[in-house]
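Visitor: please work out how this folds:
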Amino acid sequence: MKAIVIDRYGDAQELHEAQLPMPTINPDEVLVKMVATSVNPIDWRTRMGRSRAGWNFPIVLGWDVSGVITTVGTSVQQFKVGDAVIARPDTSSDATRGSYAEYVAVKADKLALKPANISFEEGAAIPLSGTVAYQVIVKQLAVGKDDKILVQGGAGGVGLFAVQIAKAQGAYVATTASAENHDLLRSLGADEVIDYHQTKYTDILHDYDAVFDTTDDIENGLAILKPTGHLVSIAGQPTFVQQSGHPSAKHWWLHPNGQDLAAVAELVAAGQVKVVIDSEYPLTTEGLRAAHLRSESHHAHGKIVITIAEPPKLNNTVM
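Guide: This is a model prediction of the structure:
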């Protein structure tokens, strides 16, 4: 099968096309014929050697799956051949199992059915960013009706989902972003958008219930919270004092699972969350190099999607 791999750590020029064996699946896995995937910052950080440095080469990057099941493991009960699915697969010790490939093996408990009114490209944009946003907003911060939450970095891939999920929970949502992203964020439901180039949000926000930190700005985030408030960061590591204080801070790392992913997909299918796609690139050497450079520029307005194959004609996607 065709895949885009790296044979050593470095810049985007290390990405190149290769032919790899078709993945074999375990009893609790399915094989997915990929239609689309997406690029996340962890992809190029890994490519540069900043994480997972112990992997053997070649490495296939990518952590978003959107496609159709072609083979089902012997112990899989919930899914069948032909199902259109999305997933954020487990991080595997086998570095050839990333999603920059024509086929990917995925554990069944990481799968969610793709709703029929979501395209495969939209589906590819949801798993990593949408799931971590859902877990932080709904499960870790338990944001509810009339709560006041700040989403730091609302225009990022995770931030865009977080703003909308918090609104779906009934919260008052403030967020930080450069001026060029203000209209987009307001259109997605943000109540207050602060240009961090011009204004210190600590000067105008007070007595907030929650902060979702995607930018590693923990100290300032804590400064706007009520004593009973909580901050969750996916970008920085709170100190012991910050973790045990009032308000408090904690770090969160994505725990991929199909149930949380399905909950996000349902919000998208219902129109409560919009998938924002910045651009699309093909699964080629040139396409992945350009997509990585786009992500690294920090100028993307939404998710960067990689198209892999033509969407099949299906009769069994779910609403």
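Visitor: secondary structure element for the residue most central in space within the chain?
Guide: Nearest to the geometric centre of the chain sits Ser129, at 1.6 Å (C-alpha atoms, centre = their mean). Using DSSP states H and E, Ser129 sits within helix 127-134.
Visitor: what comes up buried for stretch 15-32?
Guide: Using 16 or more other C-beta atoms under 10 Å as the test for burial, stretch 15-32 gives 15-16, 18, 20, 23, 25, 29-32. Backbone N, C-alpha and C define where each C-beta goes, glycine included.
Visitor: just send these back as CSV, with secondary structure, distance to Asp209 and pLDDT too.
Guide: CSV is the format used below for the buried residues of stretch 15-32 (DSSP: H, G, I helix; E, B strand; the rest coil; distance: C-beta to C-beta, whole Å; pLDDT from 0 to 100):
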residue, secondary structure, distance to Asp209, pLDDT
Leu15, coil, 42, 98
His16, strand, 48, 98
Ala18, strand, 49, 98
Leu20, coil, 48, 97
Pro23, coil, 44, 95
Ile25, coil, 44, 97
Glu29, strand, 40, 98
Val30, strand, 40, 98
Leu31, strand, 44, 98
Val32, strand, 39, 98
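Visitor: just the closest of those to Ala300, please.
Guide: Distance to Ala300 across the buried residues of stretch 15-32 (C-beta to C-beta) is lowest for Leu15, with 17.2 Å.
Visitor: quick check: the closest one touching Gly287?
Guide: No: using C-beta atoms under 8 Å, Leu15 makes no contact with Gly287, being 9.2 Å away.
Visitor: ranges for the helices of the stretch 201-319 of the chain?
Guide: With DSSP state H, counting those that start in this stretch, the ranges of helices along the stretch 201-319 of the chain come out as 218-223, 240-244, 258-269, 285-296.
Visitor: residues contacting the residue nearest to His301 when sequence neighbours are not counted?
Guide: Distances taken as C-beta to C-beta, 6 or more residues apart in numbering place Asp278 nearest to His301, at 5.1 Å, with adjacent residues excluded. Taking C-beta atoms under 8 Å, 6 or more residues apart in numbering, we find Asp278 in contact with 294, 300-304.
Visitor: narrow the residues you listed to those in strands?
Guide: Applying DSSP state E to the contacts of Asp278, the entries found in strands are 303-304.
Visitor: let's see if you can find the most crowded of the contacts of Asp278.
Guide: Highest neighbour count within those, by other C-beta atoms under 10 Å: Lys303, with 28 neighbours.
Visitor: got the contact list for that residue?
Guide: Lys303 touches 38-39, 124-125, 129, 157, 275-278, counting by C-beta under 8 Å, 6+ apart.
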